[in-house]
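Trainee: here is a sequence with its predicted model. Questions after.
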Amino acid sequence: MHNSDTDLIYSQAHKQVKNFTFDAQVVEVFPDMISRSVPGYNTIIDTIGRLSQQFVQENSNIYDLGCSLGAASLAMRKAITAKGCKIIGVDNSSDMVKRCKMHINAFKGNTPVTIIEGNIQDMVIENASMVVLNFTLQFIEKSQRQALLSKIAQGLKPGGLLVLSEKISAEDPAIDKVLIELHHNFKRDNGYSELEVAQKRSALEKVMLTDSLDVHKQRLAQAGFSHSSLWFQCFNFTSLIAIK
Ligand SMILES: Nc1ncnc2c1ncn2[C@@H]1O[C@H](C[S@+](CC[C@H]([NH3+])C(=O)[O-])CC(=O)[O-])[C@@H](O)[C@H]1O
Ligand SMILES: O=C(O)C(=O)Cc1ccccc1
């Protein structure tokens, strides 16, 4: 594939690589960028759909926090069978939100979806049976992550589910190095050059800060989740489920 949907953002040498933002240029190529950069992305989206069928309760809210183009919201809208539910997608990138609304409106479904432009840290979470943070927490300041997870746990009904997908760092530096190398290999196999991999890494360095699995699990417990488990891992990309 080499058309206007292909991610070529870091293919030429940049004099100075700017911090990564979810701007209009990224929106244009986002589906290509995420599927070539995140191992297991499609499996995770698919599984979010399956989990919604299993966990969404009647007359409750479902939140997709950092919804980007609405992939998780669309998967859930397809899968939810419970009556009287509302899906609320939130993203603070106006470019993402604009395109997301077009994606959502391009398809039909029984469960209504509302897309809101805003900071997920300011959103009220209430009457929720399922909340999705699919590769979003990693862009929130570390010092603010606990407060966000605690607010989510507060807004979930008993038995409610959080899906938390994150790029992680391994505690053991030798293992971390192996996982990073595997991921970079994955990107090269998907057509990214050495230069693209290096420039993207430097663009993300200050804006996407990863935690270890232990830190994530401790935060979930501290937030008030009774159960949590890793259900997916490919290299340093993971997804956890937590039940209130
Ligand atoms: N404070 C914030 N408030 C709202 N949105 C935010 C904030 N910080 C970052 N975002 C938004 O979180 C999203 C992260 S991408 C999620 C993929 C999606 N979940 C997917 O299932 O396709 C992950 C990635 O690209 O690695 C972007 O759209 C940001 O604008
Ligand atoms: O591209 C990477 O190296 C990543 O770690 C994942 C990613 C994917 C899309 C936007 C930002 C980060």
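Mentor: Thanks, I have the structure now. Numbers count the residues shown, from 1 in each chain. Ligands and ions are numbered 1, 2, ... in the order given.

Trainee: need the contact list for the residue most central in space within the chain.
Mentor: Computing the C-alpha centroid of the chain and ranking residues by Cα atoms, centre = their mean puts Asn134 first, at 2.2 Å. By Cβ atoms under 8 Å, 6 or more residues apart in numbering, the contact set of Asn134 is 44-45, 48, 64, 66, 71-72, 163, 165, 239. (C-beta placed from N, C-alpha, C; glycine too.)

Trainee: just the CA atoms of the longest helix along the chain, as PDB, please.
Mentor: What stands out as the longest helix in the chain, according to DSSP state H, is helix 173-189. Below are the C-alpha coordinates for helix 173-189, written out as PDB (Å, rounded to 0.1, in the frame of the first residue of the first chain):
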ATOM      1  CA  PRO A 173      16.400  -4.200  31.700                       C
ATOM      2  CA  ALA A 174      17.700  -7.300  29.800                       C
ATOM      3  CA  ILE A 175      14.100  -8.400  29.100                       C
ATOM      4  CA  ASP A 176      13.000  -4.800  28.200                       C
ATOM      5  CA  LYS A 177      15.700  -4.600  25.600                       C
ATOM      6  CA  VAL A 178      14.500  -7.900  24.000                       C
ATOM      7  CA  LEU A 179      10.900  -6.700  23.900                       C
ATOM      8  CA  ILE A 180      11.800  -3.300  22.400                       C
ATOM      9  CA  GLU A 181      13.900  -5.100  19.700                       C
ATOM     10  CA  LEU A 182      11.100  -7.400  18.900                       C
ATOM     11  CA  HIS A 183       8.700  -4.500  18.500                       C
ATOM     12  CA  HIS A 184      11.100  -2.600  16.300                       C
ATOM     13  CA  ASN A 185      11.500  -5.700  14.200                       C
ATOM     14  CA  PHE A 186       7.700  -5.900  13.900                       C
ATOM     15  CA  LYS A 187       7.700  -2.300  12.600                       C
ATOM     16  CA  ARG A 188      10.400  -2.900  10.100                       C
ATOM     17  CA  ASP A 189       8.600  -6.000   8.900                       C
END
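
Trainee: which residues sit against stretch 39-47?
Mentor: The contact list for stretch 39-47, computed with Cβ under 8 Å, 6+ apart, reads 34-35, 71-72, 75, 134, 165, 183, 186, 231-232, 234-235, 237, 239.

Trainee: can you give me the strands for the chain?
Mentor: 61-65, 86-91, 113-117, 128-134, 156-167, 227-234, 237-243 (DSSP state E).

Trainee: could you give the angle of the longest one to strand 227-234?
Mentor: In this case it means strand 156-167. 30 degrees (axes from the mean of the first three to the mean of the last three Cα atoms, to 10 degrees).
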